[in-house]
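Student: No letters, just coordinates:
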DNA sequence: CCACTTAAGCAACGGTGTTGCCAAAGCGCA
DNA sequence: TGCGCTTTGGCAACACCGTTGCTTAAGTGG
């Protein structure tokens, strides 16, 4: 790491603290404590950020006998990102500011069956409309500084080059270079990731916990893993394949060809209306996850869960808690429903673009250009 | 991060590359390419390392038409660490040089039942004998620069403060401050960790893969996880609790009180001599792990595995490979026996001390002092 | 009103990696 | 054998990072 990278790193550190502090703001001295830098260094860094329009003063704290601390905050409108959630039958696009707050939203029907090119056509149109702000006057002025587009969709893909591996049920999509297709038409940086990863990243930046799992029960069952504050994608960006975990040796056959997969058991229970059993099965998988990864929190999402949130939280929570008690002494791991509802994935997709600004990319230190402020 | 930390970071980066290169050595220009630093910066850094005795020149490469590249290598004897493996009935202590190579080894019988203080007594004696090099003349001279002692033992514990939580079967050990007990008597830095974590760290520094799982089947069943090159310990250093993963809902009862735990199923199969079934069960758990974490490799170890290595590798490998094929297109994840045999944990324990020198500690950027060279 | 406390900026500084340049050390052709 | 060419690697000057020492700003409390 060289000096420009160091500068970018520290700027990202400060920006992340400003982001976390939100509208309440944070003082220079607190920034110094949290970063381990000297107050003078923080003064210099924040002066640069203010000059670039990324930070601003936001009142002052009460005096403790001397000059009161000046509060600083992130300027949300200093940059925006588009988050795009492509699902089997619907598209959700959001425009988010630097804090991840959604300032505009569009939805459109979609058909994966129509092929990748056709879907990209529709999506590009929606993104253009969203950014130009038709139907939302204040948006267009705020949209200055569009940093890029984050795209989230189901199925395995390669995050690093943005190429799809396989979209279950739609073999025509195999190997489609989604990132370059979007980037070419929009002329913007584009980041592609799995829907579960995007949702988990969005929750992580929301500050729910340092380490947690997001379990998504929709048409399939997948997971997004956040470990030690960073999204974990795995060696080939395939991490989070939670649904085909075997929890019943020689159990009923699953569509994947194996037997006793948690997805098959769970969805079968949902199909026959036995949500308590679905929650119990999901809880067993969640318990496996909690003990294996020693995470702080389990969050549930997806259509099936949203249909009866309480029952799932109760059912999964009971299994996880029972195991924690048996494990002995360990603190209980809470189970809750992920915030964001059916917009969570799109919000997370926007964070795919924003996260690097705050040093929250999954990779620790990319060998490429520093992520800092331009 | 400030300038001294930057310096330490880059020094660690270079040291790690020197370590990886081994006796073959590596040139300054290669170091520059791999680190992203300029050749001149590498020259400065390596000059410091040479002045401190950590690096040395090691011949030169063939010329490609100009001045041939000078090779540099790590000086193994520039520092040593003790690795201590405390098991139920035996103690293994090794003295390792900077490269992790074992230069001396001691074993002694042990009795956990005798209590923590008594065990520490025995262990301290063995470590003193090992370091003073009685019975190995060349060791004592090489042992200059003892960096610390790494201690590995089974059971949950807190890596950050070195306090034991619970040693299964020996309640008298609960809450024993093992790290401070050793540190107080030896006057050396001491690092404590689970045996599986130590073994995994040792394998990671051996360079087997970027992301892998080490599955240890002995008196229990545990795992050590290395993700993206770093040992993953989890939020409360409890990660790797692999044995009480449920893989058979409502299966036979396990000692932990749950039903269908992989440890119970696997050990029951071992007990009745059905190693094929044990391997199949273990394979199911390994397959769950591979798909969830998208790792590159699965390594097996522990007494039960060492008793019939081939059968376990074949059995586990078959299940993992079958799932990879069904998963479609994914590269096959190899399954193998961990190197190191019954000394692997002790070797890994030594690496608990050495790893930070090479920037290979599990935490990305400790807020505390830089880990660099003094 | 003044002493005191706390925050934050200015100026000088030490030390990082970088750039420009030159010496060292080999190859290959005349 | 000699000379030009290529490549490596160190020296010196430099730009820029965070740090230190000090001063100014802006409050509180007696």
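Tutor: Thanks, I have the structure now. Worth saying up front: this structure is predicted, and the values here are computed from it rather than measured.

Student: mean confidence score for stretch A:63-70?
Tutor: Per-residue pLDDT over stretch A:63-70 has a mean of 91.

Student: how close does residue A:39 get to residue A:11?
Tutor: Residue A:39 is 16 Å from residue A:11, where distance means Cβ to Cβ, to the nearest Å. Any C-beta I mention is one placed from the backbone N, CA and C, and that applies to glycine too.

Student: give me the element the closest residue to DNA strand C within the stretch 151-300 of chain A is part of.
Tutor: Residue of the stretch 151-300 of chain A nearest DNA strand C, by Cβ to the nearest atom of the strand: residue A:207 (23.8 Å). Residue A:207 is part of no helix or strand, with elements assigned from DSSP states H and E.

Student: any idea how far it lies from residue B:280?
Tutor: From residue A:207 over to residue B:280 (counting by Cβ to Cβ), the distance is 43 Å.

Student: Between those two, which is the more surrounded one?
Tutor: Legend: neighbour count by other Cβ atoms under 10 Å in any protein chain shown for residue A:207 and residue B:280, higher for residue B:280 (18 against 11).

Student: Who are the contact partners of the more buried one?
Tutor: Residue B:280 is in contact with B:315, B:318, B:319, counting by Cβ atoms under 8 Å, 6 or more residues apart in numbering or on different chains.

Student: Can you name the helix or strand that it falls in?
Tutor: Following DSSP H and E, one finds residue B:280 within helix B:275-293.

Student: Can the very next helix or strand once past that helix be said to contact chain A?
Tutor: Going down the chain from helix B:275-293, the next helix or strand is strand B:297-301, by DSSP H and E. No: judged by Cβ under 8 Å from any Cβ of the partner chain, strand B:297-301 makes no contact with chain A; its nearest approach is 9.2 Å.

Student: in its sheet, what does strand B:297-301 sit against?
Tutor: strand B:212-217 (parallel), strand B:335-337 (parallel) (DSSP bridges).

Student: Could you check the angle that strand makes with helix B:275-293?
Tutor: Angle, strand B:297-301 to helix B:275-293, by axes from the mean of the first three to the mean of the last three Cα atoms, to 10 degrees: 140 degrees.

Student: Name the residues that touch strand B:297-301?
Tutor: Residues outside strand B:297-301 that contact it (Cβ under 8 Å, 6+ apart): B:199, B:203, B:208-209, B:211-217, B:282, B:286, B:289-290, B:309, B:312-313, B:316, B:320, B:333-338, B:340, B:344.

Student: now the residues you listed: which count as buried?
Tutor: B:199, B:203, B:208-209, B:211-217, B:282, B:286, B:289-290, B:312-313, B:316, B:320, B:333-335, B:337-338, B:340, B:344 (16 or more other Cβ atoms under 10 Å in any protein chain shown).

Student: if we can go back for a sec, helices - which of the contacts of residue B:280 land there?
Tutor: B:315, B:318, B:319 (DSSP state H).

Student: Would you confirm that residue A:182 contacts residue A:123?
Tutor: Yes: contact between residue A:182 and residue A:123 holds when scored by Cβ atoms under 8 Å: they sit 7.4 Å apart.

Student: Please enumerate the shared neighbours of the two.
Tutor: Common contact partners of residue A:182 and residue A:123 (Cβ under 8 Å, 6+ apart): residue A:151.

Student: Spell out which residues of chain A are next to DNA strand C.
Tutor: Contact residues, chain A versus DNA strand C (Cβ under 7 Å from any atom of the strand): A:2-3, A:27-29, A:39-40, A:43, A:46-47, A:64-70.

Student: Go again with 6 Å.
Tutor: Residues of chain A lying near DNA strand C by Cβ under 6 Å from any atom of the strand: A:2-3, A:27-29, A:40, A:43, A:64-67, A:69-70.

Student: so of these, which ones are in helices?
Tutor: A:3, A:28, A:29, A:40, A:43.

Student: Could you work out the most separated pair of those residues?
Tutor: A:3 and A:29 (25.0 Å; Cβ to Cβ).

Student: The two: who's more crowded?
Tutor: Legend: neighbour count by other Cβ under 10 Å for residue A:3 and residue A:29, higher for residue A:29 (14 against 10).

Student: what sits against the closest residue in space to that one that isn't next to it in sequence?
Tutor: Spatial nearest neighbour of residue A:29, excluding adjacent residues (Cβ to Cβ, 6 or more residues apart in numbering or on different chains): residue A:39 at 5.7 Å. Taking Cβ under 8 Å, 6+ apart, we find residue A:39 in contact with A:28, A:29, A:32.

Student: Can you tell me the element residue A:344 falls in?
Tutor: Using DSSP H and E, residue A:344 falls in helix A:344-354.

Student: helices and strands around that helix, which ones?
Tutor: strand A:80-86, strand A:90-97, strand A:102-109, strand A:146-153, strand A:190-194, helix A:195-205 (3 or more Cβ pairs under 8 Å, 6 or more residues apart in numbering or on different chains; DSSP states H and E).

Student: let's go with 7 Å and repeat that
Tutor: If you count contacts as 3 or more Cβ pairs under 7 Å, 6 or more residues apart in numbering or on different chains; DSSP states H and E, helix A:344-354 packs onto strand A:80-86, strand A:90-97, strand A:146-153, strand A:190-194, helix A:195-205.

Student: quick check: angle from that helix to strand A:297-301?
Tutor: 120 degrees.

Student: And for helix A:344-354, what's in contact with it?
Tutor: A:81-85, A:92-94, A:96, A:98, A:100, A:102, A:147-152, A:189, A:191, A:193, A:195, A:198-202, A:205, A:301, A:338, A:340 (Cβ atoms under 7 Å, 6 or more residues apart in numbering or on different chains).

Student: Then stretch A:229-240?
Tutor: So stretch A:229-240 is contacted by A:156, A:158-160, A:194, A:196-197, A:200-201, A:204, A:210, A:222-226, A:360, A:362, B:210-211, B:227, B:292-296, B:330 (Cβ under 7 Å, 6+ apart).

Student: now do stretch A:193-205
Tutor: Contact with stretch A:193-205 is made by A:85, A:100, A:150, A:152-154, A:157, A:159, A:214, A:216, A:222-226, A:229, A:231, A:233, A:240, A:299, A:301, A:338, A:340, A:344-345, A:347-349, A:351-352, A:355, A:360, as judged by Cβ under 7 Å, 6+ apart.

Student: Then stretch A:311-324?
Tutor: Taking Cβ under 7 Å, 6+ apart as the rule, stretch A:311-324 contacts A:275-276, A:279-280, A:282-284, A:286-287, A:290-291, A:298, A:300, A:305, A:330, A:332-333, A:335-337, B:258.

Student: one more time with 8 Å
Tutor: Residues from elsewhere that reach stretch A:311-324, judged by Cβ under 8 Å, 6+ apart: A:217, A:275-276, A:278-280, A:282-284, A:286-287, A:290-291, A:298, A:300, A:305, A:330-337, B:244, B:258.
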